[in-house]
Structures are given as C-alpha cells and as structure tokens.
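Asker: Have a look at this fold, sequence not included:
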C-alpha cells in the first residue's frame with residue numbers, strides 16, 4: 001500500500017495519507033487573450049487563500065485542479081496556494097474545450113503524435129510554466145474535454161491522451177457536456193486500450209439517468225457529481241436523489257463528489273468549505289455510513305489518481321502492476 005502515491009504540486013504524497021478531496025474544482029485561472037469572453041477567471045489570491053484556509057480548518061485536505069495548460073493554468077500559483085494554505089493541490093496536464101483557448105493556440109494544430117509527446121513531456125519533466133523551478137511541478141492526472149458528440153470532439157487529442165495515460169499511469173478526468181454520449185466515449189477509449197478504471201467522467205449528474213449511471217459504474221468508470229451548488233440543475237430534484245439511489249444500489253465506490261468552483265462568486269458563496277460543511281453534513285443527515293462517506297468525499301478519487309511507484313519486476317512470472325490505483 002505504501003508504494004501508492006498521488007502527485008501533488010508540492011510532491012508525491014502516500015495515497016493513504018490523503019483524506020477529504022474535492023474531486024473536481026478550479027483554484028487559479030488566468031485571463032486568456034482571444035478566448036471566449038465568458039470564460040471564467042480566478043486570479044485574486046487575496047480572496048482565494050482565506051477560503052482554502054477555511055477548507056483546511058473544516059477538515060478538507062486536497063483539491064483536484066482541472067485547469068490544463070493554455071487556458072489559464074498557472075501551476076506556480078497553485079504551488080504557492082498549496083504551500084500557504086496547507087491544501088494538497090493536484091494539478092493536471094491535458095486540454096480543455098477549444099473555446100477556452102486563444103485563436104493562436106498551438107494545441108489545436110498538433111497531430112496526435114505531437115500532442116502525445118507534449119503531454120508525456122509535462123508528465124515526466126514537469127508542467128511547462130514551472131520548469132525554471134529547482135523542482136518543477138508534476139501533474140497528478142490528465143484533464144480532457146469532450147464536446148456534445150464523439151464526432152465533434154478532438155479525436156487526435158483523445159488518441160494522444162489515451163496513449164499518454166497508458167505510458168504515464170495517469171488517470172483521465174474528462175469534462176462531458178452534461179454527460180452526453182459517455183457510452184460512446186467509454187467505447188472509444190476502450191478501443192484504444194484504456195481500461196475503464198482509468199476514466200473519470202465529470203458533470204454526469206447533469207444527466208440523472210440512474211440506469212445509465214449504474215451501467216457505467218458496473219463497467220468500472222468513476223462518475224463525478226458536482227451540481228450541489230448550481231440551482232439551475234435543481235440539485236434537490238436531481239443530484240441528491242441520484243446519489244442516494246446509487247449508494248443504495250451498491251455503487252458508492254464508483255462516485256466521487258466535487259464542487260467545480262470555476263467562478264469567483266462560487267468561491268465567495270458557498271466557498272470550497274461547503275464541500276465539508278454542506279455536502280458532508282448532508283451525507284450524515286441522509287444516514288450515509290462513515291466508510292461510504294469517506295469514499296465519496298475522497299478515497300474514490302484518490303484511488304483513481306494513485307500510482308504504484310514500485311519498480312516493475314523483471315521476472316514475468318511475478319509482474320508488478322503499475323497501472324492500478326490504491327485499494
């Protein structure tokens with residue numbers, strides 16, 4: 001067990017030492033010239049830092065940051081926020097939706113091979129903006145983004161990250177458009193050799209189809225729910241009943257909870273602390289058991305992000321599996 005670690009912006013941490021973890025949020029987003037004017041921006045350190053301190057004080061430990069290179073990521077800021085607040089921040093390589101990039105972004109002109117090389121370089125040598133540090137920040141996972149359909153999604157980049165995940169052992173967290181077409185995305189990555197256990201499908205509670213969610217869980221995918229503080233998605237009508245039904249059906253190990261706080265007003269109210277004080281307390285009120293609560297609020301996502309750092313056994317009769325998360 002001790003060989004399984006999660007890569008944070010300040011270094012690897014044993015998986016079993018990480019507790020409550022918001023499975024999908026955003027801690028820093030620089031402005032991107034030429035990107036969609038409605039793209040979110042988070043760059044007020046004086047506002048962000050006290051909220052992270054509140055999160056720690058309430059019992060939170062880690063946050064998964066889902067902003068990749070080219071669309072506002074600044075991992076040096078993430079490092080500073082982590083060191084200053086004590087929050088374990090897990091950064092990413094990968095890509096977001098095209099609308100969040102400027103028109104001159106090189107990413108969208110890359111071939112699958114070129115993109116694969118870039119993602120693996122970040123995974124192995126550090127996030128590009130941190131390479132002048134004595135110890136560059138390494139990513140703990142690969143963030144990707146799908147469009148409404150498979151055909152409209154950047155398939156060359158999908159091919160690139162599938163191979164990068166296999167070679168680096170980093171899990172994929174995928175933005176979905178309200179859970180659309182996740183069945184086809186699962187098939188696509190399976191056809192490219194990626195096991196379902198390496199996949200985290202995000203925002204799927206916006207498609208509260210219990211039968212579909214049970215099917216995805218049975219396949220081995222981790223489903224991320226994050227609309228608890230988004231009134232337009234009617235969380236009392238949708239995400240809470242869905243979550244409780246999934247728990248009741250025995251699928252709590254395949255759900256991870258998050259807040260997806262990409263907007264500055266969400267950081268002000270309810271703030272990241274609500275992951276503990278609102279979602280956590282509601283789970284208690286609903287009678288969710290302590291083990292299931294720990295899984296939903298942290299260990300499920302940490303298990304997917306954990307990488308086995310034991311060296312591969314050269315004896316083929318006794319292989320060491322470097323591609324599975326901690327159990």
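Answerer: Yep, that arrived. Not measured: the values here are computed from a predicted model.

Asker: Sheet partners, orientation included, of the lowest-mean-pLDDT helix or strand in the chain?
Answerer: Taking mean pLDDT, DSSP states H and E as the measure, the helix or strand of the chain with the lowest value is strand 307-308, at a mean of 94. When pairing is defined by DSSP bridges, strand 307-308 lines up against strand 4-8 (antiparallel).

Asker: what lines up beside the following helix or strand past the strand it pairs with in the sheet?
Answerer: Tracing the chain past strand 4-8, the next element assigned as helix or strand by DSSP states H and E is strand 11-14. The strands beside strand 11-14 in its sheet (DSSP bridges) come out as strand 4-8 (antiparallel).

Asker: buried set for the partner strand?
Answerer: 4, 5, 6, 7, 8 (16 or more other C-beta atoms under 10 Å). Bear in mind the C-beta positions are built from the backbone N, C-alpha and C, glycine included.

Asker: Surely the last one touches residue 62?
Answerer: Yes: using C-beta atoms under 8 Å as the test, residue 8 is close enough to residue 62 to be in contact (7.2 Å).

Asker: between those two, what contacts are shared?
Answerer: Taking C-beta atoms under 8 Å, 6 or more residues apart in numbering as the criterion, residue 8 and residue 62 both touch 88, 89, 90.

Asker: The second one: neighbour count?
Answerer: Translated: residue 89. 25 (other C-beta atoms under 10 Å).

Asker: pLDDT at it, what is it?
Answerer: We have a pLDDT of 99 for residue 89.

Asker: picking up where we left off before, for the shared contacts of residue 8 and residue 62, which one is nearest residue 226?
Answerer: Nearest to residue 226 among the shared contacts of residue 8 and residue 62 is residue 90, at 15.7 Å by C-beta to C-beta.

Asker: can you give me phi and psi for the closest residue to that closest one other than its chain neighbours?
Answerer: In space, and not counting its chain neighbours, residue 90 is closest to residue 140: 3.8 Å by C-beta to C-beta, 6 or more residues apart in numbering. For residue 140, the backbone dihedrals (degrees, to the nearest 10) come out as phi -100, psi 0.

Asker: Check whether residue 140 really touches residue 94, as I assumed.
Answerer: No: the criterion here is C-beta under 8 Å, and residue 140 misses it with residue 94 at 11.3 Å.

Asker: Looking at these two now, which is surrounded by more residues?
Answerer: Neighbours per residue (other C-beta under 10 Å) separate residue 140 from residue 94, with residue 94 holding more: 32 against 28.

Asker: Isn't that one up against residue 162?
Answerer: No: Residue 94 is beyond contact range of residue 162, at 11.7 Å (criterion: C-beta under 8 Å).

Asker: Overlap of the contact sets of the two?
Answerer: residue 172.

Asker: circling back to that earlier point, go through the shared contacts of residue 8 and residue 62 and name the one nearest residue 271.
Answerer: Comparing those against residue 271 with C-beta to C-beta places residue 89 closest, at 16.1 Å.

Asker: Could I get the full set of strands for the stretch 151-300 of the chain?
Answerer: 172-175, 199-202, 222-225, 255-257 (DSSP state E, counting those that start in this stretch).

Asker: angle of the helix or strand harbouring residue 24 against strand 4-8?
Answerer: In this structure, residue 24 sits in strand 21-25 according to DSSP H and E. Using axes from the mean of the first three to the mean of the last three C-alpha atoms, to 10 degrees, one finds that strand 21-25 and strand 4-8 are set 50 degrees apart in direction.
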